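Visitor: Sequence and predicted structure below; questions after.
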Amino acid sequence: MTIDDIRSFNRFYTNLIGALDYSRHLYTPYTLTEARVLYELRHAPQADAADLRGALTLDAGYLSRLLGKFEKDGLITRGPSAADARRQRVALTPRGQEAAQLLEERSREQVGTLLAQVPADRRAQLAAAMGTVRELLSDAAVPDLVGEVELREPGPGELGWIVQSHGRLYAQEYGWDADFEALVARIVADYAAHHDPACERTWIADLGGRPVGTVMCVRDDAPDTARLRLLLVDPEVRGHRLGARLVDECVGFARAAGYRELVLWTNSVLTSARRIYERAGFELTAEKPHHSYGADLVGQDWRLTL
C-alpha cells in the first residue's frame, strides 16, 4: 500500500458521506465539526470544555469560538464547574437537545441508506473490513506500550495504592472531596476481607515494577451478575489502550466465571471511561442526577450481557 492509495480512499469516503458539504448533505445548518460537538454533548451531559477538546482533538481557541456561537444561538449554557472552578461546564439547552437529536436521526438515516446499497450477504464482510482498518490504523497511531504492561493480582500494599490513587487523581482532575476516597476505601476493604477468588478478582497493571492501572470484578447483589469497579489508569500512560485492556480482562474473567451479566456504575463526566465501556459492548440503562463528593453529577448504570 502506498500513500497515494490511502489518499485516494480518503477522497472516496469523504465524498461518499458528504463530509465536505455536511450541512447540505443532511439538510442542517451545522458543519461536521459542529455536529460532532453537539453529538458529544448529547451523549455526555454536563461535559467540561476540556473533555470536548480532548475527545475531538480540537484547538482550544477554535472550540471556544464554536461554543460561543452555540451559546449565542441558544444551544448551550456555559459556566464554571461546581467541582472545579478552573474548568468550564457545558450543557445543551432544550433547543440544543432538539438540534442534536435531529442531527443524529438524519445521520442514521443517511447511513441506513448507504448500508441498504450493500447486499445483505456482504454486510458482514464490510463490517470486518471496517474493523480491520480501524484496528490497524489505531495500532499505527498509538505507541505499543500495552504489550509492556503485565496484568497481575495486587501485591502487599497495592490495595492501599488503589485507594490512594483514586483519591488523589479524582481530587486533581474533578475536584472531588474525601467522601470519594472513603467510598473507594470501603470497596477495597470489603474486597480484601470477603472476596471469593473463584469468582472475584482485582488486577494491577504493572509497568516496569510499578502499578499504573487497576480494575476490579466482584459479585453483584443480583443473581448471575458481576460488577466492574474502580477502573483507573495513571495519567502518564493514558492513550495507550490500557483502560480497554483492563476492561477486556474483566469481561473475559466474568464470562469464564459463569456470570450472565456484567454491570457498572459511573458518572457522565468520566467521558473517556464511557467510550471504553461503549467499545466493550456495554449499554447505558439508566441515568440519575445526584450530589456527591462535593459535586453535582449524573450517575449512570451500564450493562453488558455476557
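Guide: Perfect, I can see it now. No experiment lies behind these values; they were computed from the predicted model shown.
Visitor: so what does the host helix or strand of Ala129 touch, helix or strand wise?
Guide: Applying DSSP states H and E as the criterion places Ala129 in helix 123-141. In terms of contacts (3 or more Cβ pairs under 8 Å, 6 or more residues apart in numbering; DSSP states H and E), helix 123-141 is packed against no helix or strand at all. Heads up, the C-betas are built off the backbone N, CA and C, glycines and all.
Visitor: immediately after that helix, which helix or strand?
Guide: Assigned by DSSP H and E, the successor of helix 123-141 is strand 150-152.
Visitor: neighbouring contacts of that next one?
Guide: 203-207, 245-246, 249 (Cβ atoms under 8 Å, 6 or more residues apart in numbering).
Visitor: Mark which of those residues are part of strands, please.
Guide: 203-207 (DSSP state E).
Visitor: Tell me the one among the residues you listed nearest to Trp302.
Guide: Closest approach between these and Trp302, by Cβ to Cβ: Trp203, at 18.9 Å.
Visitor: just checking, that closest one touches Gly155?
Guide: No: with contact defined as Cβ atoms under 8 Å, Trp203 does not reach Gly155; the gap is 11.9 Å.
Visitor: Between those two, tell me which one has more neighbours.
Guide: Applying other Cβ atoms under 10 Å to Trp203 and Gly155 shows that Trp203 carries more neighbours, namely 21 against 11.
Visitor: what about the residue lying closest to that one once chain neighbours are set aside, neighbour count?
Guide: In space, and not counting its chain neighbours, Trp203 is closest to Leu151: 4.8 Å by Cβ to Cβ, 6 or more residues apart in numbering. Counted with other Cβ under 10 Å, the neighbours of Leu151 add up to 17.
Visitor: Against Arg255, how distant is Leu151?
Guide: Counting by Cβ to Cβ, to the nearest Å, the separation of Leu151 from Arg255 is 16 Å.
Visitor: tell me the contacts of Glu104?
Guide: Counted by Cβ under 8 Å, 6+ apart, Glu104 has contacts 39, 42.
Visitor: so which helix or strand takes in Arg106?
Guide: Going by DSSP H and E, Arg106 is in helix 94-116.
Visitor: distance between that helix and the chain's centre?
Guide: Computed by Cα atoms, centre = their mean, to the nearest Å, the chain-centroid distance of helix 94-116 equals 21 Å.
Visitor: go on, stretch 63-77?
Guide: 24 Å.
Visitor: do the same with stretch 59-75
Guide: 23 Å.
Visitor: Name the residues that touch it?
Guide: Contacts for stretch 59-75 (Cβ under 8 Å, 6+ apart): 33-34, 37-38, 49, 52-53, 56, 58, 76-78, 90, 92-93, 95-96, 99.
Visitor: What would that stretch look like as CSV? C-alpha coordinates only.
Guide: Output in CSV follows, covering the C-alpha atoms of stretch 59-75 (Å, rounded to 0.1, in the frame of the first residue of the first chain):
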residue,chain,number,x,y,z
ASP,A,59,-7.7,23.6,19.1
ALA,A,60,-8.7,25.4,22.3
GLY,A,61,-9.3,28.7,20.5
TYR,A,62,-11.4,27.2,17.8
LEU,A,63,-13.5,25.2,20.2
SER,A,64,-14.0,28.4,22.3
ARG,A,65,-15.3,30.3,19.3
LEU,A,66,-17.6,27.4,18.3
LEU,A,67,-19.1,27.2,21.8
GLY,A,68,-19.5,31.0,21.8
LYS,A,69,-21.6,30.6,18.6
PHE,A,70,-23.6,27.8,20.1
GLU,A,71,-24.3,29.9,23.2
LYS,A,72,-25.4,32.9,21.2
ASP,A,73,-27.8,30.6,19.2
GLY,A,74,-29.3,29.3,22.5
LEU,A,75,-28.0,25.7,22.0
